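1. Provided below for reference: sequence and predicted model.
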Amino acid sequence: MAGSLIASSLSSLAPANRKRRGDRSGAGSGLSFLGFTLEREEYGADLNLVTQIVKPPPLTWVPRARPHVLGVISIRGAVVTLVDLRQLLGLSPTSWPRSARVLLTGHHGEPIGLLVDSVTHVHRVSVEQFETGLSLEESARTECVLGIARPDSSARVTVVDVRGILTELMR
Amino acid sequence: MTKPKRRDTSKVMKEFLSEAQELVESLSRNLLNIDSALKAGEPDPDMINEVFRGWHTLKGLASTFGAEALAKLAHEEENLLDEIRLGRIDLTADALDSLLESVETAIRALNAIDAAGDVNAVAPAGASEAAPAARGEARAAQPQIDIDLHEMVAPEVLEVLTEFEEHRLRTNLQQGRGVYRVRTRFALQSIDAELDAIKRRLKPLGEIITYLPSTESGDPDLLDIDVILVLNESLDALDTALEGLEAKREQIVAPRVQPRDTSQTLQPKPERGGAAAPKPAQPAGPLSSVPVLAEPRADALVSSRSREQGASLRSVSQSVRVDIGKLDRLMNVVGELNIIRTAIAKVSDELRTAMGRRDLAIELHRVTRGFERRLAEMREGILEVRMVPIGQMFDRLSRMTRKISRSLGKEVHLVIAGADTEVDKLIIEELSDPLMHIIRNSIDHGVEEPSERRDAGKPDVGTVALTAYQKGNHVLIEIEDDGAGIDGERIVASAVQRGFLTPEQAGSLSEREILSLVFLPGVTTAKEATELSGRGVGMDVVKTNISSLGGVVEVQSEIGIGTKFTITMPVTLAIIPALLVSVDGDTYAVPLNTVAEALILSPADVQSVMGAEVMTLRGKTLPLCRLDRFFGRPRVEPLPEISRVVVASLGQRRLGLIVDNLVGQQDVVIKSLGESLADAGCFTGATEIGDQRLSLVLDTVAIIEEFFAIGDEASRPLPVVG
């Protein structure tokens, strides 16, 4: 039963996304991010790049792989490389909570999973609500970040550059 | 937003490519058939016509998809073949070279289109420069017309013939063969099958010039068809062939020469119109006395020109081309079904021990077993679909053989056997380069110059035999030439010169060991390199490529008699038998074809040679590799009281892999790992073993190579000769 797929294919989210896109009369062209958490901080990923959200199936360690590769998992018969997003973003390693999920994405047809602490919901922001050109203290891996989205005055979502991360990963 | 559209175009592109490729392959096959027919005498005009139609179809296909360059090439070829089939150009070996060259050009064009995803991608220029010259030469030939068709054949017949049909008729009449009309009557509903049947009966007897339909019968459901046939055999043979058919035969032109098949009993039988003249080549007089098509020419249902071309529009084969990725996906689904089956079986077992409804539990168990069997059948079925006849590759190889032998001025006859042996598609793809290399070597170094061959009492024409057959779970491919054999002394000298052996070591080698030196990089028998081979580059690559597919290549040779390479390959890569081992709590699969044996190891067996761990196995030193160390997670504790050694072998190299335990043996489906894991470098893929957890499949070849490469740097261990 471990690793059974939860009914979380993004198709349930997509229609809302489409509706939003069709509704051009509103606040210009909007951006949609899938919200997830790492160390209680809220992050976001481009919704179009995430094809599925699954509970982490049993992991197989791959000897001699790069440090941020946790190993391989099997999702619907496909071999997926599981990437430790925490390590990529320079966060401290801890054990994974029960709410952990795999965001399934891909790079040139190769399936890649990003492991996150939990998935929250989809954020929709206008271009004005999206802040780029972030500068933080040196240790922060800002090159992995596209910018910060502010869906409302109190919330702040760090949007990671999924495509950039994957490209870096393949190098 | 353009995403779905792009996917559509790529799908269309794939269809175009696969259809075009199929056409090109059949073109190649037909041309090679013509080549062998040409050597034997006269090629069947049907073959030439087939090639003509193939280019015609390809032209249509290419224009439809806007592949203009390809369409242009096809158009030129179509014209050239038209000239050839009309006898305006002689079909010489040179002309055939140029025709085959065009097929190569088409293949290159298709590859370029595939790579660029653009129908107008430009193929890298090939050796097609040679083509125009050969072509010009070919055009010089002119047919000699020494008979007057119009005097021999009634105009009603002539005017409905296409130019090609007329040419064929003329050619046959020049050779003094008899022409007959066979009138048959078909029911319209079954006309295709019946026409095929009569074609099959008549084809062996001669050449069918054309089929002429007539509606004379008056019955709308019936159709009369006249087959205009040039008869090579006796009339009796024709009558025998027509037996049981509602068919009438009638002579149009009497034969001037003896029919080919003239058994004693038939010979004296006089033919109408003074046929069966004992001496050939006598001018035949006009045979106006023979009524030709007494009936008025009935309206043809279709014009004869379109009839002829219509044949090419119908799909040739019953087979379907499938992207191998789709089969992989199907195989994945089967894997998932298997997991579900395991889950159901578990529930069913629990139900049986639970209280009440035991009957239902037993029923469920029974049904599950049935499901299991069907699933196994399905897995088998999908595996079977992946298998393709190795003949596909042999076609390519014979094209190349012809080219090389002609460019070297050596005549080589390629004998192919076992072309229908089936091998996994992926293996075929990977094998074609190594095979090409071996054949190239055989022709260049193996087969001697004609004069040398004569001195050795061999026929001028060299033979390279390509044989494939299945043996258990393996396919064996043999490449055997009747050339000079491999000169062991030169091989040894070359290996010593390259520093692989000391002269002392060289002296103690067995014959087999000497021959296997050809697979070392840089080792060659050739005194000087030629354009094709002899640089000593290649055989090592051949060996590496074959090993990486889990295959083995061996060589046998006898001076003056010839050389034989034998390649042994697994039938499929998709499912391989594997030994499951555990290391530090994880299960790994070791492909069984790389495992020589498995042993129990106690710490006392381990010795140390210059700091490296080894053990003695049947009097020989076996280097040991602790897999946990190799994986970069060495455990500090000493070896446990009992661990296992899996002896992996790659050619002559052997390595003992130390694992914790042997888990079992199982057929596993290998799924490849992505680019993101390429760094690991020691796994061929992952596989699902029962539970949903993946197990990694060891790349034994890479591990052995890496292990010894590192060892070489550190201490240069003794050469390990198995």
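-> Looks like it came in fine. Numbers count the residues shown, from 1 in each chain, chains lettered A, B, ... in the order given.

2. closest to the centroid, which residue in chain A?
-> By C-alpha atoms, centre = their mean, chain A has its centre lying nearest to A:Ala45, at 4.4 Å.

3. so that residue makes contact with A:Arg163?
-> No: in this structure, A:Ala45 is not within contact of A:Arg163 by C-beta atoms under 8 Å, at 9.9 Å. C-beta: built from backbone N, CA, C; applies to glycine.

4. quick check: neighbours shared by those two?
-> Common neighbours of A:Ala45 and A:Arg163 are not found (criterion: C-beta atoms under 8 Å, 6 or more residues apart in numbering or on different chains).

5. B:Arg373 sits in which helix or strand?
-> helix B:358-386 (DSSP states H and E).

6. any residue of that helix up close to chain A?
-> No: applying C-beta under 8 Å from any C-beta of the partner chain, one finds helix B:358-386 separated from chain A by no less than 12.9 Å.

7. since we're on B:Arg490, how many residues are nearby?
-> Using other C-beta atoms under 10 Å in any protein chain shown, B:Arg490 has 14 other residues around it.

8. tell me which element it is part of?
-> helix B:488-497.

9. mind listing what's buried along the following helix or strand past that helix?
-> Counting by DSSP H and E, the element after helix B:488-497 in chain order, helix or strand, is helix B:503-507. Of all the residues in helix B:503-507, those buried under the rule 16 or more other C-beta atoms under 10 Å in any protein chain shown are B:Ala506.

10. okay, strands next: where are they in chain A?
-> Using DSSP state E, the strands found in chain A span residues A:30-38, A:41-46, A:52-54, A:69-75, A:78-84, A:101-107, A:110-116, A:118-126, A:130-131, A:145-149, A:157-160.

11. and those, which one averages the lowest pLDDT?
-> Lowest mean pLDDT of the strands of chain A: strand A:130-131, a mean of 83.

12. coming back round to it: rounded mean pLDDT for the helix holding B:Arg490, please.
-> Per-residue scores along helix B:488-497 average to 84.

13. which positions in the helix holding B:Arg373 come out as buried?
-> Quick answer for helix B:358-386 (16+ other C-beta under 10 Å): B:Ala361, B:Leu364, B:Thr368, B:Glu372, B:Arg379, B:Ile382, B:Leu383, B:Val385, B:Arg386.

14. is it true that B:Leu549 touches B:Met569?
-> Yes: in terms of C-beta under 8 Å, B:Leu549 counts as a neighbour of B:Met569; the distance is 6.3 Å.

15. who's more crowded, these two?
-> The neighbour count for B:Leu549 versus B:Met569, taken as other C-beta under 10 Å, is higher for B:Met569 (26 against 19).

16. interface residues of chain A facing chain B?
-> Counting by C-beta under 8 Å from any C-beta, chain A sits next to chain B at A:2-3, A:57-66, A:69, A:72-74, A:76-79, A:81, A:83, A:107-108, A:110-112, A:169-170.

17. select only the buried ones of these in ChimeraX?
-> Per 16+ other C-beta under 10 Å, the buried members of those correspond to this ChimeraX selection:
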select /A:3,57,59,60,62,63,65,66,69,72,73,74,76,77,78,79,81,83,107,110,111,112,169
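
18. what about B:Val423, which helix or strand?
-> strand B:422-424.

19. check which element follows that strand along the chain.
-> That would be, after strand B:422-424 and using DSSP H and E, helix B:425-441.

20. what's the offset of that next one from the middle of its chain?
-> 10 Å (C-alpha atoms, centre = their mean, to the nearest Å).

21. helices or strands up against it?
-> strand B:387-389, helix B:391-408, strand B:462-471, strand B:474-481, helix B:539-548, strand B:562-570 (3 or more C-beta pairs under 8 Å, 6 or more residues apart in numbering or on different chains; DSSP states H and E).

22. let me know which of the ones you listed is the nearest to B:Ser608.
-> With C-beta to C-beta as the criterion, B:Ser608 lies closest to helix B:539-548 of the helices and strands packed on helix B:425-441, at 29.4 Å.

23. contacts for whatever helix or strand comes next after the closest one, please.
-> Downstream of helix B:539-548, the next assigned helix or strand under DSSP H and E is strand B:552-558. For strand B:552-558, the surrounding residues in contact (C-beta under 8 Å, 6+ apart) are B:434, B:485-486, B:515-516, B:518-519, B:542-543, B:546, B:563-568, B:651.

24. which among the residues you listed end up buried?
-> B:434, B:485-486, B:515-516, B:518-519, B:542-543, B:546, B:563-565, B:567-568, B:651.

25. list just the nearest of these to chain A.
-> The shortest approach to chain A among the buried ones among the contacts of strand B:552-558 belongs to B:Gly651, at 24.4 Å (C-beta to the nearest C-beta).

26. low pLDDT regions in the stretch 401-550 of chain B?
-> Within the stretch 401-550 of chain B, the stretches with pLDDT under 70 are B:472-473, B:525-537.

27. can we see that at 80?
-> In the predicted model of the stretch 401-550 of chain B, residues B:426, B:471-474, B:499-501, B:505-509, B:512-513, B:520-538, B:544, B:547-550 satisfy pLDDT under 80.

28. intersection of neighbour lists for B:Leu549 and B:Met569?
-> Contacts common to B:Leu549 and B:Met569, judged by C-beta under 8 Å, 6+ apart, are B:Ile427, B:Leu431.
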